[in-house]
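1. sequence isn't available, so here's the structure alone:
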């Protein structure tokens, strides 16, 4: 048996044919000299590779592509017939590459070595050494489980190295004890020499060795001298072992983390890989429909998810996009008559929504013809009750059950009533759901929401209560420092001022624990502004760790669902780390209803806020508007008096220290004005001396609020009391 002659060509050719196919579609959407040049290079490369492996049919097809494209280097726009031809070529090329047979047996290296006396070069080109392999999702999942278990065991080894760190001080203490004994023995020896009796020797001389008793001290027995080097050697050995073991664990953790990341990426597929197939389907259907032109666009292709999910979704969306063109998009003449652009639009979006992915296909066609649906149900589903009184939602639900089509004839595209049935079946297999929104004359949106077992995303890792959690990075708007004085009370809860708007605020630890109220705090903290479907909120965190790519897994079935948690990821030790749901965070913070006593804007006079500080004006305006008031603002006393004569306000909030006339003077002039003298006016100022308070009462202020002791609840209660008394 000879080696597989197409081993490398097959791999390269698949990639090149895919590039040709997507490039032709791109050229049709947006003609460009760069695209023409790229297509020519790809076709030339494939032609040369085909000739090397002696596949003249493929080489001739590529040559024909070159012949067609070459005149369009400076004029890249192609005729419709030329685009159709190029796409047919890519289809033929894909079939020809797929038809290349794989060898049944790969010859042994020894056989190849003996063939033609070229053993050394044959070994260098061993096809087994560089072959492409395919692994199932289950096999990759098994690999991921193995790496996770290995990471867990490695974490235990690291904890074991910490035990060596605890032994080191014990060795140091032992060495100190030995040194202390040595010093004590030295003093004892010196004392014995000084106090020895004179027996013919000099005073202080040690007695002869033969006169030393059996109970002599440790120095005399030679115990301390050899012990100290032994302990020092033990300490050095422990230090070396700890260093080598720590380095080995670090290297192993790094390599294991890399292996797990690679396996996880292999396990996931970019959602964008199905876009080319969907675009081809849209274009092919449009070609079969008279006088229809359609443009396909897609978003969210960077999201990576399990291939089994993507395969199911692709098959379902193929029917959805075909239906959108066949049943939804009108002819160019009908679109112009309806005031629409002549070219229709089909858009596919892939977005993440907490624990699920949303695949949305929307078009700007005529929407579902509910009258035609009712007629079709009467003809094709006589087993069902008369649909005359059926609601639009129920009609669309019946369409998903299959067997109903509004097409008058059966074609290759439509007429059998199975498109939405395929979508519904896919949703059931994936544990998801289908929603349909149709606007007569404006188009339709078909949405498939599916839970995902694995999802790759970029996240911002933050520290909360000694643990790390991840917030999806595409939902993070910015991070800010929040001081205690920046947090204010509003009728809806605590908030901070950001870009002139009150943004709901809570420490993330409280949201995760389910506590509704924020404890009093003195220290500044980091806050992350998170945007979800319901708006933007700020969550306080202990620290920012940094961005990271994570693979989100669903929580175990036995774990209780938490409204702000989307799933879990594994950290470097293989330990689970929470991944948050931006929509859940926003919903959790906005769950507290507005106070029942909040005034209605339709029946409450407007309020005028007067302050030369933009920040203060916007903060007070945001607080009052969130309580239901209609609010105007003024940057000076003069502007406030002018506005008060043009509009009837129910109350004014006035700062004291302003350029021009101050707040005291503003209220004095209001009280002296025949029209405005009954207008309630509250002073809001940082000045709190007895003289200032007395001055406020003298000029007729209705209240005096000190900014350093600002309490929104008390302020709103005071405003309601004053305005209800008018």
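-> Arrived safely, thanks for sending. Every value quoted in this text rests on a predicted model; they were computed, and no experiment measured them.
2. let me see the mean pLDDT of stretch 694-707.
-> For stretch 694-707, the mean pLDDT works out to 86.
3. now swap in stretch 494-510 and tell me
-> pLDDT averaged over stretch 494-510 gives 84.
4. in it, what counts as buried?
-> 494-498, 501-510 (16 or more other CB atoms under 10 Å). In this view, the C-beta of every residue, glycine as well, is placed from N, C-alpha and C.
5. so which of those comes closest to residue 170?
-> Residue 170 lies nearest to residue 509 out of the buried residues of stretch 494-510, by CB to CB, at 38.1 Å.
6. from residue 334, how far out is the closest one?
-> 58 Å (CB to CB, to the nearest Å).
7. element containing the closest residue to residue 47 other than its chain neighbours?
-> Take residue 47 and drop its neighbours on the chain: the residue closest to it by CB to CB, 6 or more residues apart in numbering is residue 62, 3.6 Å away. Per DSSP states H and E, residue 62 falls inside helix 56-69.
8. what comes up buried for that helix?
-> Under the neighbour-count criterion of 16+ other CB under 10 Å, helix 56-69 has 58, 59, 61, 62, 63, 65, 68, 69 buried.
9. from the contact counts, what lies against it?
-> Secondary-structure packing of helix 56-69 (3 or more CB pairs under 8 Å, 6 or more residues apart in numbering; DSSP states H and E): helix 33-52, helix 80-98.
10. between those helices, which one is closest to residue 362.
-> Closest approach to residue 362 among the helices and strands packed on helix 56-69 (CB to CB): helix 80-98, 24.8 Å.
11. and that closest one, what does it pack against?
-> helix 7-29, helix 56-69, helix 275-288.
12. CSV for those, including distance to residue 306?
-> Formatted as CSV, the helices and strands packed on helix 80-98 follow (distance: least, CB to CB, whole Å):
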stretch, distance to residue 306
helix 7-29, 21
helix 56-69, 34
helix 275-288, 17
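13. could those be laid out in JSON lines, adding mean pLDDT and distance to residue 83?
-> Formatted as JSON lines, the helices and strands packed on helix 80-98 follow (pLDDT from 0 to 100; distance: least, CB to CB, whole Å):
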{"stretch": "helix 7-29", "mean pLDDT": "85", "distance to residue 83": "5"}
{"stretch": "helix 56-69", "mean pLDDT": "90", "distance to residue 83": "10"}
{"stretch": "helix 275-288", "mean pLDDT": "87", "distance to residue 83": "8"}
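14. of all the ones you listed, which lies closest to residue 186?
-> In terms of CB to CB, the element of the helices and strands packed on helix 80-98 nearest to residue 186 is helix 7-29, at 79.7 Å.
15. which positions in the closest one come out as buried?
-> Residues 7-10, 13, 16-17, 19-28 are the ones in helix 7-29 that count as buried (16+ other CB under 10 Å).
16. distance between that helix and the chain's centre?
-> Centre-to-centre, helix 7-29 and its host chain are 31 Å apart (CA atoms, centre = their mean, to the nearest Å).
17. next, the angle from it to helix 275-288.
-> Interaxial angle, helix 7-29 versus helix 275-288 (axes from the mean of the first three to the mean of the last three CA atoms, to 10 degrees): 50 degrees.
18. start the count at 22 instead of 1 going forward.
-> In the new count, where the first residue is 22, that last one comes out as helix 28-50.
19. show residues contacting helix 28-50.
-> Outside of helix 28-50, the residues within contact range by CB atoms under 8 Å, 6 or more residues apart in numbering are 53, 56-57, 59-60, 63-64, 66-67, 70-71, 73-74, 76, 79, 86, 97, 99, 104, 107-108, 110-111, 114-115, 118, 121, 148, 152-153, 297, 300-301, 304, 316.
20. just the buried residues from those, in ChimeraX please.
-> Only the buried members of the contacts of helix 28-50 enter the following ChimeraX selection, criterion being 16+ other CB under 10 Å:
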select :56,57,59,60,63,64,67,70,71,74,76,79,86,97,99,104,107,108,110,111,114,115,118,121,297,300,301,304,316
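21. which residues touch the helix holding residue 83?
-> 34, 41, 57, 60-61, 64-65, 67-68, 71-72, 103, 106-107, 110, 113-114, 117-118.
22. okay if I get the helices and strands packed on helix 77-90 as JSON lines plus distance to residue 494?
-> Output for these, formatted as JSON lines (distance: least, CB to CB, whole Å):
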{"stretch": "helix 54-73", "distance to residue 494": "31"}
{"stretch": "helix 101-119", "distance to residue 494": "36"}
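23. closest to residue 325 out of these?
-> Nearest of these (CB to CB): helix 101-119, 24.4 Å.
24. average pLDDT for the closest one, rounded please.
-> For helix 101-119, the per-residue pLDDT averages 90.
25. ok now that helix, how far from the chain's centre?
-> In terms of CA atoms, centre = their mean, the centre of helix 101-119 is set 38 Å apart from its chain centre.
26. just want the angle from it to helix 28-50.
-> Going by the same axes, to 10 degrees, helix 101-119 makes 160 degrees with helix 28-50.
27. tell me what angle helix 101-119 forms with helix 54-73.
-> Interaxial angle, helix 101-119 versus helix 54-73 (the same axes, to 10 degrees): 40 degrees.
28. which residues are in contact with helix 101-119?
-> By CB under 8 Å, 6+ apart, helix 101-119 touches 31, 34-35, 38, 41-42, 45-46, 48-49, 67, 76, 78-79, 82-83, 85-86, 89, 99, 301, 304, 308.
29. pLDDT value on residue 314, please?
-> 91.
30. excluding chain neighbours, what is closest to it?
-> Closest to residue 314 by CB to CB, 6+ apart is residue 364, at 4.6 Å.
31. just the pLDDT for that neighbour.
-> Residue 364 carries a pLDDT score of 94 in this model.
32. what's the burial count for it?
-> 14 (other CB atoms under 10 Å).
33. mind listing what residue 351 touches?
-> 313, 359, 361, 365, 386, 387.
34. show only the entries of the residues you listed found in strands.
-> Counting by DSSP state E, those place residue 365 in strands.
35. least trustworthy helix or strand in the protein by mean pLDDT?
-> helix 140-145 (a mean of 32; mean pLDDT, DSSP states H and E).
36. doesn't residue 607 make contact with residue 557?
-> Yes. Residue 557 lies in contact with residue 607 (CB atoms under 8 Å); the separation is 7.3 Å.
37. just the endpoints, please. Distance across stretch 485-501?
-> By CA to CA, to the nearest Å, the extent of stretch 485-501 from end to end equals 16 Å.
38. which parts of it are buried?
-> Neighbour counts over stretch 485-501 (16+ other CB under 10 Å) mark 485, 489, 490, 491, 492, 493, 496, 497 as buried.
39. identify, from those residues, the entry nearest to residue 562.
-> residue 485 (5.6 Å).
40. mind listing the residues bridging to the closest one?
-> residue 488 (DSSP bridges).
41. can you check residue 523 too?
-> residue 518.
42. how far away is it from residue 515?
-> Distance from residue 523 to residue 515, by CB to CB: 10 Å.
43. next, show the common contact partners of the two.
-> Residues touching both residue 523 and residue 515 (CB under 8 Å, 6+ apart): residue 509.
44. could you look up the SS state of residue 367?
-> Secondary structure for residue 367, judged by DSSP: H, G, I helix; E, B strand; the rest coil, is strand.
45. pull the most distant pair out of the contacts of residue 351.
-> 313 and 359 (14.0 Å).
46. comparing those two, which residue is more hemmed in?
-> Comparing residue 313 with residue 359 by other CB under 10 Å, the one with more neighbours is residue 313, at 21 against 12.
47. distance of the more buried one from residue 568?
-> The gap separating residue 313 from residue 568 is 45 Å, by CB to CB.
48. and what of residue 188?
-> Applying CB to CB to residue 188 and residue 568 gives a distance of 39 Å.
49. got the contact list for residue 602?
-> 375, 376, 553, 584, 585, 586, 587.
50. let's see that with 7 Å instead.
-> 375, 376, 585, 586, 587 (CB atoms under 7 Å, 6 or more residues apart in numbering).
51. next one: residue 494
-> Contact partners of residue 494, counting by CB under 7 Å, 6+ apart, are 479, 480, 481, 568.
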